[in-house]
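Chemist: Predicted model, plus sequence, below.
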Amino acid sequence: MKRLMLALAVLSVPVGCAFLRPVEVEYVSNDNVLQSVAISAYHVDPKFFETVSADVRDDALTFHYRGRVYPGDSAWVVRFSEKGTEQDPLTLRDIYTVLPAVSEGRRLFQVLDDGEVPWQGSVLRFVRYRFESAVRDASGTPLEGRGILAAIAGKHDGGWVVYRFKLDNHGDRQTLDWQALLPFLEPLPDD
């Protein structure tokens, strides 16, 4: 504690005529690369969601999104290429295997319901949930967060591909159902 206090005291001493100030960092944005990857691999309509990061591997793609229509939205989409020699393909399609990771660290996490709907010759399986959001209103009360976790599998380029979706909202949607995933479902290949 004494070292911390000493460090803070040293940092608060004027240096010459100027005080230490945060340095503004300039950088070259990789936004053009990110958008190119998103457009070529899995393109979500940018009027609904902004692509904020991508992780590209030989057997999986992961995209992270921020909501535009609903700023409280955050989402990810993972596309797995099934490999029967290394994993159980049915496990990739099972959304309940991912639910413990999604619920971890979330206060008052509660599964609301689950279901399935047909989509392009396959079946979208989903789980809807709610939780106490880390985002708070003006009075400091936590907002109710809502979320949906879903998975769908289909043939693509001669092999099986599984898509997993997670969409969370931190307070500016009254409901969150499977139709909220439409911007993520529309780019799916239909072969």
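Modeler: Now that the structure is in, tell me what you want to look at. Numbering: from 1, shown residues only.

Chemist: quick one: stretch 154-165 to chain centroid distance?
Modeler: Distance of stretch 154-165 from the chain centroid (C-alpha atoms, centre = their mean, to the nearest Å) equals 19 Å.

Chemist: same question, stretch 166-183
Modeler: How far stretch 166-183 lies from its chain's middle: 12 Å, per C-alpha atoms, centre = their mean.

Chemist: can you pull the buried residues of it?
Modeler: Across stretch 166-183, burial judged by 16 or more other C-beta atoms under 10 Å covers 166-171, 173, 176, 178, 180-181, 183. Quick note: C-beta positions are derived from backbone N, CA and C, even for glycine.

Chemist: Stretch 181-191 now?
Modeler: By 16+ other C-beta under 10 Å, the buried positions in stretch 181-191 come out as 181, 183-185, 188.

Chemist: which of those lies closest to E50?
Modeler: E50 lies nearest to P183 out of the buried residues of stretch 181-191, by C-beta to C-beta, at 11.3 Å.

Chemist: Do I have it right that the closest one meets F48?
Modeler: Yes. Counting by C-beta atoms under 8 Å, F48 is a contact partner of P183 at 4.3 Å.

Chemist: quick revisit: lowest-confidence one in the buried residues of stretch 181-191?
Modeler: Within those, pLDDT reaches its minimum at L188, with 87.

Chemist: what sits against it?
Modeler: By C-beta atoms under 8 Å, 6 or more residues apart in numbering, L188 lies in contact with 119-120, 152, 154, 163.

Chemist: how much space between it and Y163?
Modeler: Remark: distance between L188 and Y163 (C-beta to C-beta, to the nearest Å) = 7 Å.

Chemist: what's the overlap in contacts for these two?
Modeler: Joint contacts of L188 and Y163 (C-beta under 8 Å, 6+ apart) are I152.

Chemist: just to revisit the earlier point, narrow the buried residues of stretch 166-183 to those in helices?
Modeler: Of those, the ones assigned to helices by DSSP state H are P183.

Chemist: Flag the least confident of the buried residues of stretch 166-183.
Modeler: Out of the buried residues of stretch 166-183, that is G171, at 86.

Chemist: Right, I'll call it a day here.
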